[in-house]
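Participant: Sequence plus the predicted model coming up.
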Amino acid sequence: MPHLTSTTTGTTGTDVRTALGIPGYAHPLVAPAQWAELTRPGTPLDWVVLNVAAGPGTRPDPHCLEAAGRLRNTGVRVLGQLDLTHGARPFGDLLSDAHRHLDWYRVDGFLLDRCPAERAALPEVRRAIAALRTITDTAHIVLGHGSHPYPGYAESADQLVTFSGPWSDYRFSQVAEWTADYPPDRFCHFVHGVPRGHLEEALRIARWQGAATIYFTDRTDHGGRTDPWETMPGYWDEIVSRVGTGVSE
């Protein structure tokens, strides 16, 4: 099978129990039903990303505050989106956005989107994470690499997004062997363009690759022109049912 490169006991296999990580839906005014759906009892959510306007925005947004509050009231973690722009983001701007997320929306942590993956950038990313944990020592930190980074990043954050991309790539993807040293709850996979008929195959790949937090959608990015994560997949009820019951092979 093309998506297998390691069979280390305890780190890959069909007994992995998955949960959904939501990369960030459209603004609650644009997608109110989708945000409301996330609060439905029994929905197997790990966390939901709040991206007001490429970050926290320039002023508090009451609609986003209400949506985030409803999620927290149901016990769901809300993460503020912080864009690292592949390491080019000024440190002060990053911390300013983090403070706004905390002050305005009381987020439970952060998704550091477009996080660099190379070894040379690791010290600066560690510096950013240390500063975020100084602001709030309970923050859940997710690094949004989108691919397998240098292994040292796994020591600095709670979770890593090691795949973010289309189904056409995911179905033939390979997991980095070093990930076998960590439990599945350290890794996240975001896959767009997954056809309904291949949903179980996608879940099987995630389990074998040892990723416990996933988000699969049939939406596509139309060649990079649209955001595939902004709306729920057409098979939302089906994926909630499969993930929520811990379906395995």
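Facilitator: Yep, that arrived.
Participant: Give the rounded mean pLDDT of stretch 133-149.
Facilitator: Here stretch 133-149 scores 96 as its mean pLDDT.
Participant: Return the set of buried residues in that stretch.
Facilitator: T136, A139, H140, I141, V142, L143, G144, H145, G146, H148, P149 (16 or more other CB atoms under 10 Å). Quick note: C-beta positions are derived from backbone N, CA and C, even for glycine.
Participant: what comes into contact with it?
Facilitator: 21, 47, 77, 79, 95, 98-99, 102, 108-118, 125, 129, 132, 153, 156-165, 175-176, 179, 188, 190 (CB atoms under 8 Å, 6 or more residues apart in numbering).
Participant: again, but for stretch 224-236
Facilitator: Taking CB under 8 Å, 6+ apart as the rule, stretch 224-236 contacts 22-26, 31, 34, 37, 190, 192-194, 196, 199, 215-221, 239.
Participant: Quick check on these: which are buried?
Facilitator: 22-25, 31, 34, 190, 192-194, 199, 215-219, 239.
Participant: Filter these down to the ones in helices?
Facilitator: Q34, L199, I239 (DSSP state H).
Participant: From the residues you listed, pick the one nearest P184.
Facilitator: I239 (17.6 Å; CB to CB).
Participant: For that closest one, give me its contacts.
Facilitator: L20, L199, F216, P233.
Participant: pretty sure Y25 contacts W35?
Facilitator: Yes - the criterion here is CB atoms under 8 Å, and Y25 meets it with W35 at 6.3 Å.
Participant: could you pull out the helices for this protein?
Facilitator: 32-37, 62-73, 91-105, 122-135, 167-170, 199-209, 236-244.
Participant: Strands - which of the contacts of stretch 133-149 land there?
Facilitator: Counting by DSSP state E, the part of those found in strands is 21, 47, 77, 79, 109-113, 159-165, 188, 190.
Participant: Quick check on the residues you listed: which are buried?
Facilitator: The buried subset of those - by 16+ other CB under 10 Å - is 21, 47, 77, 79, 109-113, 159-165, 188, 190.
Participant: before we move on, back to that, highest average neighbour count across the helices of the chain?
Facilitator: Neighbour counts (mean count of other CB atoms under 10 Å) averaged over each of the helices of the chain peak at helix 199-209, with a mean of 20.
Participant: could you give the angle of that helix to helix 236-244?
Facilitator: 30 degrees (axes from the mean of the first three to the mean of the last three CA atoms, to 10 degrees).
Participant: pLDDT score for T8?
Facilitator: 37.
Participant: give me the low-pLDDT residue ranges for the protein?
Facilitator: Scanning the chain for pLDDT under 70 picks out 1-16, 245-249.
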